[in-house]
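> coordinates for the following, if possible.
(one chain, ligands or ions: 2)
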Amino acid sequence: MNNFSKTILITGGAGFIGSHVVRLFVNKYPAYNIVNLDALTYAGNLENLKDIESAPNYVFEKGDITDEGRMQELFTKYVFEGVIHLAAESHVDRSILDPLQFVRTNVLGTVNLLNVARKSWNGQYEGKRFYHVSTDEVYGSLGEQGFFTEETPYDPRSPYSASKASSDHFVMAYHHTYHLPVVISNCSNNYGSHHFPEKLIPLMINNIKNQKPLPVYGKGENVRDWLWVDDHARAIDVIYHNGREGEKYNVGGFNEWKNIDLVHLLCAIMDKKLQREPGESARLITYVTDRPGHDLRYAIDATKLNRELGWKPSLQFEEGLEKTVDWYLSNEDWINHVTSGDYKNYYEALYDQR
Ligand code: NAD
Ligand code: TYD
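Ligands and ions are numbered 1, 2, ... in the order given. Model (predicted):
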C-alpha cells in the first residue's frame, strides 16, 4: 500500500498542542505515516491542520478514545509502531463544572487505548512506544519557592489534574505489569496559535480586541510557567524518539509569570498593535471571583530533559506573545468559527454561575 517506514497514531491531533505536533511530524518525517485520531469535540478543529491536510503521509480518522470497537478497528487497519496520546479534556474550569466527563475521557479513554495497544502489540514490543502527554498540574501547587521535578510526589487538586494524574498512573501500571513500552512527559502551560479561547492567553487577546472585560481570577497573583507550543512539540519529538522507556520527563519554559503581570503585558502589546493610547486596554481588567481550589504556582524544572536529550526552549516569551497576538489578529475567522455553537453555550453557563 505504501512505503512508509513507520505509522504513528497521534490522538487529539485536531486540538491546540496536538495540531502543532501533527504538523511537526508530518513535515519533518515524510517517511512516517501520521494518523490523527480525534473525536472533534468543541476543542478539536480540523481547520487547525488545513496546511497539511493533503500531505501524502497524513490521514485523519474521526473517533472517540473511549470507544473500544473503534480503537480496535484502527489498530487492525494500521500497524502502529507508536502512539502519541494527547486526546483529553483539558480545561480546569470545565472540570469543575463536569468532573465525570474528565474521568470518561482522560481516565477511561486512556485505559481503553492502553488496553487496545497492549492487545494489538501482544507482547511484540520491539520498536513500539506508547507516549502519554501529561501536565505539570499532577504535581499540585507550589508555594513561593521551589520547582516540580520528576521526583515530586503527585498531589493533584482539581478534577482535571486528578484525571490526568490517574491516567499517568495507569500508563506506569501498564509498564510495570505488562511491560508496555511507555514514556510520559509532564509539561507546563503552553501558549501560541490555535489555542482555544477559553484559556487565559487567547481569551484575554480576544477580549482586549473586542474591548470586553478581562476576567482576572482572585487577585491575579497565581503563577504559571509559560512555554511556546512549538517548543513543546519539539520536546515531544525528542522524547518520542530518544526518551528512555518507563521514564518521565518534565517540560517547561523556565518562564514564570503572575497572571496579572501577564495580562498587563498583553494589554501593552495590544495597545501598540491596535494603535490605542498606552493604558487603554488595561482599563478592561476586571477582578472576578476566584476559581475554586485555584493552584497558586506551577514551575517546572526541566533539567533532566536538557541533560539527557539536549532540549531547551527556543523562544523568548515577549517575542512568542507578539507572534501569538499577530496570529489571533489575522485569524478572525478561526476565532469566530471556534467560538460559535457548543462553546458559546458553555461560556454562558459558566458566567451565569458567577
Ligand atoms: P485541547 O483541549 O486543545 O485538545 C484536545 C483534543 O482532544 C481536541 O482535538 C479534542 O477534540 C480531542 N478529544 C477530546 N476528547 C476526545 C475523545 N474522547 N476521543 C478523541 N479525541 C478527543 O487540549 P491541548 O491543550 O491541546 O492539550 C493536549 C494534551 O496536552 C492534553 O492531554 C493535555 O492534558 C496536555 N497538556 C496541555 C497543556 C496546555 O497548556 N494546554 C499543558 C500540558 C499538557
Ligand atoms: P488556564 O489558561 O485555564 O490554564 P490552567 O488553569 O490550566 O493553568 O489558566 C491560566 C491561569 O489564568 C490560571 O491561574 C487561571 C487564570 N485565569 C484567569 O485569571 N482568568 C481567566 O479567564 C482564565 C481562563 C484563567
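
> what sits against Gly192?
16, 20, 228-230, 320, 323-324, 327 (C-beta atoms under 8 Å, 6 or more residues apart in numbering). C-beta here means a position set from N, CA and C on the backbone, and glycine is covered the same way.

> apart from its neighbours in sequence, what residue is nearest it?
Once flanking residues are discounted, Gly192 sits nearest to Val229: 3.5 Å by C-beta to C-beta, 6 or more residues apart in numbering.

> surely the one you found is in contact with Ser193?
Yes: applying C-beta atoms under 8 Å as the test, Val229 and Ser193 come out as touching, 7.5 Å apart.

> more neighbours: those two, which one.
Each of Val229 and Ser193 has its neighbours counted (other C-beta atoms under 10 Å); Val229 has more, 22 against 18.

> what parts of the stretch 151-300 of the chain come near ligand 2?
189, 199-200, 203, 215-217, 222, 224, 259, 291 (C-beta under 6 Å from any ligand atom).

> could you dump those residues into a markdown table and include pLDDT?
Compiled in a markdown table, those are given as follows (pLDDT from 0 to 100):
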| residue | pLDDT |
| --- | --- |
| Asn189 | 98 |
| Lys199 | 97 |
| Leu200 | 98 |
| Leu203 | 97 |
| Pro215 | 97 |
| Val216 | 98 |
| Tyr217 | 98 |
| Asn222 | 98 |
| Arg224 | 98 |
| Asn259 | 98 |
| Arg291 | 97 |
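
> most widely separated two among those residues?
Maximum pairwise distance among these (C-beta to C-beta): 17.2 Å, between Asn189 and Pro215.

> surely Val22 and Leu37 touch.
No: contact between Val22 and Leu37 fails when scored by C-beta under 8 Å: they sit 10.5 Å apart.

> settle it for me: which of the two has more neighbours?
Val22 (29 against 25).

> who's in contact with the more buried one?
Per C-beta under 8 Å, 6+ apart, neighbours of Val22: 10, 13, 34, 36, 49, 52, 58.

> follow-up on the earlier one: just give me the closest of the residues of the stretch 151-300 of the chain next to ligand 2 to Ile335.
Closest to Ile335, out of all of those and judged by C-beta to C-beta, is Leu203, at 10.6 Å.

> give me the neighbour count for that closest one.
Residues lying near Leu203 (other C-beta under 10 Å) number 17.

> before we move on, the earlier item: so of the residues of the stretch 151-300 of the chain next to ligand 2, which ones are in strands?
The strands, defined by DSSP state E, take in 189, 215-217, 224 from those.

> need the residues touching each of Val22 and Leu37.
10, 13.

> hmm, back to that, tell me the spacing between the residue nearest to Gly192 and ligand 2.
13 Å (C-beta to the nearest ligand atom, to the nearest Å).

> just the pLDDT for that residue.
pLDDT, Val229: 98.

> phi, psi of it?
phi -60, psi -30 (degrees, to the nearest 10).

> with adjacent residues omitted, what lies nearest to Ala282?
Cys267 (4.3 Å).

> make that Leu227, sorry
Gly253 (3.6 Å).

> quick check: the one you found is in a helix.
No: applying DSSP: H, G, I helix; E, B strand; the rest coil, one finds Gly253 to be coil, outside a helix.

> next, count neighbours for it.
Gly253, neighbours per other C-beta under 10 Å, totals 26.

> contacting residues around it?
Contacts of Gly253 by C-beta under 8 Å, 6+ apart are 188, 225-228, 231, 300, 313, 317.

> switch to 6 Å and redo it
By C-beta atoms under 6 Å, 6 or more residues apart in numbering, the contact list for Gly253 reads 188, 225-227, 313.

> and the stretch 151-300 of the chain, which residues reach ligand 1?
So the stretch 151-300 of the chain meets ligand 1 at 164, 187, 189-190, 196 (C-beta under 6 Å from any ligand atom).

> which other helices and strands does the helix or strand containing the residue nearest to Ala282 contact?
Following DSSP states H and E, one finds Cys267 within helix 259-273. Judged by 3 or more C-beta pairs under 6 Å, 6 or more residues apart in numbering; DSSP states H and E, the packing partners of helix 259-273 are helix 200-209.
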